[in-house]
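Asker: turn this into a structure:
(one chain, ligands or ions: 1)
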Amino acid sequence: MLRPVVLALLVACPAVLRSQSTGKDPGQLARAGYEDYRAAAGRMEDGVLRVRLEAREAAWRPWGDSGRVIRAHVFAEAGVAAKVPGPMIRVRAGTPVVVTLRNTLADTLVVRGLRDRRPRTEGPPLPFRTAFEGDSLVLAPGATAEVRFTPTAPGGYYYYGNTVAPGWDRSLQPLRRWGGPDDALTAPLVVDAPDETPDPRERVFLITQWADSLVPESYRETVRFQINGRSWPHTERLTYAQGDTVRWRVINPSALFHPMHLHGFYFAVDQWNRADGFQVPTAGRRARVTQPVPPATAIRMTFVAHEPGNWLYHCHLMRHMSSAMQDSPHDGPNAGGHTPSGATGVDLMAGLALGFTVTPAPGRVASSAARRTLRLHIGKRERAFGDEPAYGFVLQDGPVPPAPDSVRFPSSPIYLTRGEPSAIVVRNNADVALGVHWHGLELESRSDGVAGWSGNPARTVPAIPPGDSLVVRITPPRAGTFMYHVHSEPGHQLSQGLYGQFTVVDPDRDAEHDRFFLLGSLGAGADAPPAVNGLLDPEPLELRAGTTYRFRFMHITPDDNRWVTLRDGDSTLTWRVVAHDGADSPPELVTTTPADLRLFATGITFDALFTPEKPGTLTLRIVTERDRGLQQFARPIPPPHTMNIPIRVTAATR
Ligand SMILES: [Cu+2]
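Answerer: As a prediction, this is how the structure comes out:
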């Protein structure tokens with residue numbers, strides 16, 4: 001009589017439908033290698049791409065040879081050793097694909113995404129649902145199935161699988177379940193345009209995640225991220241020659257949103273597609289240093305590696321790349337450990353980060369020009385936030401350095417002049433080694449601030465030790481809105497004050513009508529409250545009717561998204577966005593648009609021109625949202641926080 005009870009439980013609690021598979025110790029399983037997607041799976045026969053796949057169980061080591069071993073379900077080509085993630089299916093649009101898939105797992109397998117995506121002209125609100133609903137292949141243990149489809153929509157896609165226990169109910173099975181051995185059971189499907197010859201040097205990066213529990217406790221700590229199966233600092237290191245054009249595809253089958261940031265270079269987004277085939281209108285000619293890649297989307301990006309040295313491409317969310325929050329579990333004595341104490345190098349980061357080296361062209365000489373010199377001090381003040389300290393960047397004014405415990409909110413604004421050789425001597429008066437990153441600035445690698453990585457392979461620059469200094473050299477080639485902030489920090493020093501505005505001015509431009517909005521967090525710990533210009537409760541803004549202002553927005557919170565709107569009562573005003581990430585937009589892309597930016601991710605700056613028309617009170621509304629993506633979490637995500645900054649507009653003067 002037990003059976004009906006068990007079934008009722010299974011129906012009431014779909015989570016238990018998830019299989020735990022063989023239960024073998026991962027150490028007994030064949031070890032999976034790492035994919036680099038330099039080659040695609042299958043072979044062409046009579047104009048048809050034929051791919052033979054298997055779903056297998058394997059041992060996955062996202063944290064390298066000494067790291068923890070995870071029992072993983074993976075896709076592999078039949079007869080070929082397994083790698084994580086699974087094999088790339090790559091085909092030109094219009095080419096038929098035949099996939100034979102064998103399920104060698106001990107459980108029933110549900111596979112989605114091996115199908116055509118029609119090019120869509122409307123942006124569906126739920127790309128994940130529209131991409132995968134009604135699309136499943138179900139294979140019993142030991143079963144083999146064949147799928148035929150002809151992709152028609154160019155773009156970056158993926159397929160994935162979930163195992164289910166006997167007695168599963170299709171109507172109760174979610175489209176995808178994250179957590180556990182199925183997390184690695186995903187692989188790219190790349191569709192080239194019919195008239196396109198793929199560049200063999202283009203690299204494909206698949207973002208995956210792993211959590212050992214089906215419903216992780218919290219969105220902050222328990223989900224860990226990988227690029228092509230590995231977590232920083234174990235991710236692949238790429239090499240380019242100075243002057244190379246770099247082409248990357250980034251496909252995001254993970255449950256969460258990632259604002260992906262490139263150091264040292266601007267890139268163009270040439271394509272941005274969703275998993276259902278919809279092409280997001282992109283501004284390919286607009287340069288940027290940070291591009292949000294939401295779940296179930298993919299981008300193609302291009303940049304010219306004009307500056308030699310070691311560089312970084314990473315998610316800007318602290319919880320996806322900081323070793324303090326994205327711990328890199330190791331077997332043995334450091335099991336489950338966080339930032340190793342005393343770390344000054346690459347082990348200060350973990351998760352979604354990729355390093356690449358640009359080798360210098362022959363005959364390059366470093367500039368020895370005289371430089372305008374600023375002195376910037378990192379101060380620490382104890383017990384500023386309850387028992388926790390505050391940190392701050394304070395510019396030295398005159399010959400006397402500030403006291404070592406000097407902090408200010410916000411940190412000192414830095415202004416440099418376009419084209420002027422400048423030096424910033426950063427002195428660390430705090431008691432912990434820290435790197436400082438000049439966000440969006442085109443500069444030499446050794447000044448870039450990624451602890452243990454910036455510089456070149458023969459000589460990397462560690463975090464600045466307590467009591468020590470680093471000379472940062474910058475000759476900014478363009479005027480614009482940038483930021484500077486602590487990088488590779490061991491804790492939550494960013495929201496404890498270590499960020500500031502960084503503006504490069506044109507010698508001949510009037511800055512009188514600039515208004516700055518430095519969106520950050522201020523306080524201790526992972527849930528520090530939102531702040532604007534270092535204030536939790538910002539001052540009202542005073543403007544004059546008929547005058548055009550340049551609003552410079554900078555977003556540098558650890559983990560939040562912001563939603564910025566400019567309002568007159570209930571109606572949304574308009575503005576003209578003229579620059580992104582410090583780069584002026586091409587004139588043909590500058591249009592009057594509603595002053596409403598929903599997905600203003602951390603790591604982005606933009607400039608907007610705004611002209612208040614008449615006297616009155618307007619509102620700059622800044623809503624802070626924490627991204628939950630497609631993932632369920634046991635602990636609720638903090639609710640949105642709304643900040644309304646009054647704008648008092650007075651009559652024009654004559
Ligand atoms: Cu991320």
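Asker: and the protein, which residues reach the ion?
Answerer: On the criterion Cβ under 5 Å from the ion, the ion has as its neighbours in the chain the residues 258, 315, 317, 320. For every residue, glycine as well, the C-beta is placed using N, CA and C.
Asker: what do you get if the cut-off is 6 Å, keeping everything else the same?
Answerer: Residues of the chain lying close to the ion by Cβ under 6 Å from the ion are 258, 315, 317, 320, 352.
Asker: pLDDT value on the residue nearest in space to the middle of the chain, please?
Answerer: Among the residues of the chain, the one closest to the centroid is Cys315, at 2.5 Å (Cα atoms, centre = their mean). Note for Cys315: predicted pLDDT of 96.
Asker: quick check: which ranges of the stretch 301-450 of the chain have low pLDDT?
Answerer: Across the stretch 301-450 of the chain, the stretches falling below the confidence threshold (pLDDT under 70) are 325-342, 364-367.
Asker: where do the helices sit along it?
Answerer: Taking DSSP state H, counting those that start in this stretch as the criterion, the stretch 301-450 of the chain carries its helices at 318-321.
Asker: the strands in it, which residues?
Answerer: 309-315, 353-359, 372-385, 388-395, 414-417, 422-428, 435-439 (DSSP state E, counting those that start in this stretch).
Asker: what lines up beside the second one in the sheet?
Answerer: The strands that strand 353-359 pairs with in its sheet are strand 237-241 (parallel), strand 309-315 (antiparallel) (by DSSP bridges).
Asker: possible to save the ones you listed as JSON lines with distance to His513?
Answerer: Formatted as JSON lines, the strands paired with strand 353-359 follow (distance: least, Cβ to Cβ, whole Å):
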{"stretch": "strand 237-241", "distance to His513": "41"}
{"stretch": "strand 309-315", "distance to His513": "35"}
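Asker: quick check: which of those strands is buried the most?
Answerer: Scoring these by mean neighbour count under mean count of other Cβ atoms under 10 Å gives strand 309-315 as the most buried, with a mean of 25.
Asker: in the stretch 451-600 of the chain, which residue sits closest to the ion?
Answerer: Of the stretch 451-600 of the chain, the residue with the smallest distance to the ion, taken as Cβ to the ion, is Asp559 at 9.1 Å.
Asker: surely that residue touches Met321?
Answerer: No. Using Cβ atoms under 8 Å, Asp559 is not in contact with Met321, being 10.6 Å away.
Asker: could you report the pLDDT at Pro124?
Answerer: Among the per-residue scores, Pro124 shows a pLDDT of 64.
Asker: just the CA trace of the strand or helix carrying Arg249, in PDB.
Answerer: For Arg249, the enclosing helix or strand under DSSP states H and E is strand 245-252. As requested, C-alpha coordinates have been extracted for strand 245-252 and formatted as PDB (Å, rounded to 0.1, in the frame of the first residue of the first chain):
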ATOM      1  CA  THR A 245      41.400  41.200 -34.700                       C
ATOM      2  CA  VAL A 246      39.800  39.100 -32.000                       C
ATOM      3  CA  ARG A 247      36.500  37.400 -32.600                       C
ATOM      4  CA  TRP A 248      34.600  35.700 -29.800                       C
ATOM      5  CA  ARG A 249      31.200  34.200 -29.400                       C
ATOM      6  CA  VAL A 250      29.800  34.000 -25.900                       C
ATOM      7  CA  ILE A 251      26.800  31.800 -25.300                       C
ATOM      8  CA  ASN A 252      25.000  31.800 -22.000                       C
END
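Asker: which strands and helices sit next to it?
Answerer: Secondary structure elements in contact with strand 245-252, counted by 3 or more Cβ pairs under 8 Å, 6 or more residues apart in numbering; DSSP states H and E, are strand 155-164, strand 186-192, strand 203-210, strand 297-304.
Asker: got the residue ranges for the strands in the stretch 501-650 of the chain?
Answerer: Across the stretch 501-650 of the chain, reading from the start of the chain, the strands by DSSP E, counting those that start in this stretch fall at 514-521, 530-532, 541-544, 549-555, 561-568, 571-572, 574-580, 583-584, 592-594, 596-601, 605-610, 616-625, 641-650.
Asker: mind listing the helices for the stretch 101-250 of the chain?
Answerer: With helices called from DSSP H, counting those that start in this stretch, the stretch 101-250 of the chain shows them at 127-132.
Asker: quick one: low-confidence parts of it?
Answerer: Per-residue confidence for the stretch 101-250 of the chain (pLDDT under 70) gives these ranges: 123-125, 217-221.
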